[in-house]
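K.L.:
attaching a predicted model along with its sequence, questions to come.
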Amino acid sequence: NAGVTQTPKFQVLKTGQSMTLQCAQDMNHEYMSWYRQDPGMGLRLIHYSVGAGITDQGEVPNGYNVSRSTTEDFPLRLLSAAPSQTSVYFCASRDRDTYEQYFGPGTRLTVT
Amino acid sequence: AQTVTQSQPEMSVQEAETVTLSCTYDTSENNYYLFWYKQPPSRQMILVIRQEAYKQQNATENRFSVNFQKAAKSFSLKISDSQLGDTAMYFCAFMKVFTGANSKLTFGKGITLSVRP
């Protein structure tokens, strides 16, 4: 049981490049989320999903896209990277009954 | 909208002593969960303790306990017998209970705790 996995752990992009952050969970959780963590800001919700085929925007969705074709996977796409997207990104999935969120190890992204 | 406030950005405690981290929140909801997460230098988010709003009894997990004051909307974390491994950033978080969709966590800005040897 791997829990929530994220790849890559580190990434450096140039402004304007695109990339996909991968997230997968093996706990059969319906609920998955993406957060970004910036110094002094806590974690802020980017997008979330309540099941395959269903996604919605969180607090800071601009510049990011998501899709959910399977229960296990929830990738986050940066269409045209900007320096303001330099951050640490966390994927999480939630247990339906306990409301506990399980976090992946995070991806540190730097956009130059 | 819910807000979570952690007003102390940093705290320091001597090893083996007790420290309390403060958190207040604002909500009009009656049914919700409160959490404390620990983030050590490895950056992994680790659940420390969880409190259900409808339970009056304060949650405890080994050396960690909370003081949940629902009317005052206060949710403080007490760490007893502090250990060097407790050095980390601690986040307070709120989650509304839904029967359907949105399960987002609203986080405070965090507090950096340093345990001195």
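P.N.:
Thanks, I have it.
K.L.:
would you list the phi and psi of B:Gly85?
P.N.:
For B:Gly85, the backbone dihedrals (degrees, to the nearest 10) come out as phi -70, psi -10.
K.L.:
I'd like to know which elements the host helix or strand of B:Trp36 is packed against.
P.N.:
For B:Trp36, the host element (DSSP states H and E) is strand B:32-39. The criterion is 3 or more CB pairs under 8 Å, 6 or more residues apart in numbering or on different chains; DSSP states H and E, and the helices and strands that strand B:32-39 contacts are strand B:46-52, strand B:64-69, strand B:74-79, strand B:88-96. Heads up, the C-betas are built off the backbone N, CA and C, glycines and all.
K.L.:
so which of those strands is nearest B:Val19?
P.N.:
Go through those one by one with CB to CB and the one that ends up closest to B:Val19 is strand B:74-79, at 5.2 Å.
K.L.:
any part of that closest one near chain A?
P.N.:
No: applying CB under 8 Å from any CB of the partner chain, one finds that strand B:74-79 is not in contact with chain A, the shortest distance being 14.9 Å.
K.L.:
which neighbouring elements make contact with that strand?
P.N.:
Strand B:74-79 is packed against strand B:19-21, strand B:24-26, strand B:32-39, strand B:46-52, strand B:64-69, strand B:88-96, with contacts defined by 3+ CB pairs under 8 Å, 6+ apart.
K.L.:
the fourth one pairs with which strands, and in what direction?
P.N.:
Spelled out, it's strand B:46-52. Paired neighbours of strand B:46-52 in the sheet (DSSP bridges): strand B:32-39 (antiparallel).
K.L.:
who's in contact with the strand it pairs with?
P.N.:
Contacting residues not belonging to strand B:32-39 are listed as A:99-101, B:21, B:23, B:25, B:45-53, B:64, B:66, B:68, B:75, B:77, B:86, B:88-97, B:105, B:107, B:110 [CB atoms under 8 Å, 6 or more residues apart in numbering or on different chains].
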